[in-house]
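Asker: only the shape, not the letters, is given here:
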Ligand code: 5GP
Ligand code: ZN
């Protein structure tokens with residue numbers, strides 16, 4: 001039985017393909033999974049089946065945003081101090097920390113900001129928040145702030161969706 005949630009599905013299917021099945025056809029046949037529906041669901045996250053690699057890959061291969069800093073960090077083309085990475089997202093420490101703990105959690109897929117979240121990519125955003133909760137727990141953060149700036153007036157300087165996770169000092173409210 002394959003999971004319904006697209007992000008979970010991606011992770012389960014790629015693990016199966018890596019460990020147990022030589023092709024998507026074999027996986028679908030053995031698990032009686034409807035291939036078209038499965039591909040459609042993962043396409044909604046921006047992932048397509050790569051025959052040669054026998055796994056679902058993010059379309060970044062053709063569509064990588066050549067001029068986007070965080071697309072390049074996500075792809076490992078620009079170095080960063082990563083603290084977490086999976087199929088859908090990665091987390092890395094901010095180059096100019098504004099608190100003793102300051103890391104960013106971003107989708108690998110290019111989404112410009114919160115303003116571009118819609119039904120087609122919101123499963124990725126849900127996943128980002130699961131990752132934030134997991135990393136905060138792992139780091140023993142009892143209290144922290146999650147921030148996403150949208151647009152110039154709010155202070156967004158990198159136009160690729162990212163959530164700041166800040167902790168380790170008193171925070172003021174309202175934010176400046
Ligand atoms: P924004 O201003 O868009 O809300 O957040 C962008 C964040 O990215 C800033 O806090 C900035 O310090 C961080 N940043 C910008 N360039 C780099 C980089 O090359 N590496 C890392 N690790 N962080 C960066
Ligand atoms: Zn990008």
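Answerer: Everything's here; your move. Bear in mind the structure is a predicted one, so any value in this text is a computation, not a measurement. Ligands and ions are numbered 1, 2, ... in the order given.

Asker: mind checking if the longest helix seen in the chain is in reach of ligand 2?
Answerer: Using DSSP state H, we find that the single longest helix of the chain is helix 122-138. No: residues of helix 122-138 are not located near ligand 2 by C-beta under 5 Å from the ion, the shortest gap being 12.7 Å. In this view, the C-beta of every residue, glycine as well, is placed from N, C-alpha and C.

Asker: can you pull the buried residues of that helix?
Answerer: Neighbour counts over helix 122-138 (16 or more other C-beta atoms under 10 Å) mark 123-125, 127-128, 131-132, 135-136 as buried.

Asker: please apply the same query to stretch 96-106.
Answerer: 99, 101-106.

Asker: strands of this structure, residue ranges please.
Answerer: 47-50, 55-58, 82-85, 89-93, 101-107, 145-147, 163-167 (DSSP state E).

Asker: winner for burial among those?
Answerer: Of all these, strand 101-107 has the most neighbours on average by mean count of other C-beta atoms under 10 Å, namely a mean of 22.

Asker: partner strands of that strand, parallel or antiparallel?
Answerer: Sheet pairing here is set by DSSP bridges, and for strand 101-107 it gives strand 89-93 (antiparallel), strand 163-167 (antiparallel).

Asker: what residues does the chain have near ligand 2?
Answerer: Counting by C-beta under 5 Å from the ion, the chain sits next to ligand 2 at 65, 68, 70-71, 110, 160.

Asker: pretty sure residue 111 contacts residue 161?
Answerer: Yes: with contact defined as C-beta atoms under 8 Å, residue 111 counts as touching residue 161 (4.2 Å).

Asker: please name the residues that touch residue 58.
Answerer: Counting by C-beta atoms under 8 Å, 6 or more residues apart in numbering, residue 58 makes contact with 46-47, 87, 108-109.
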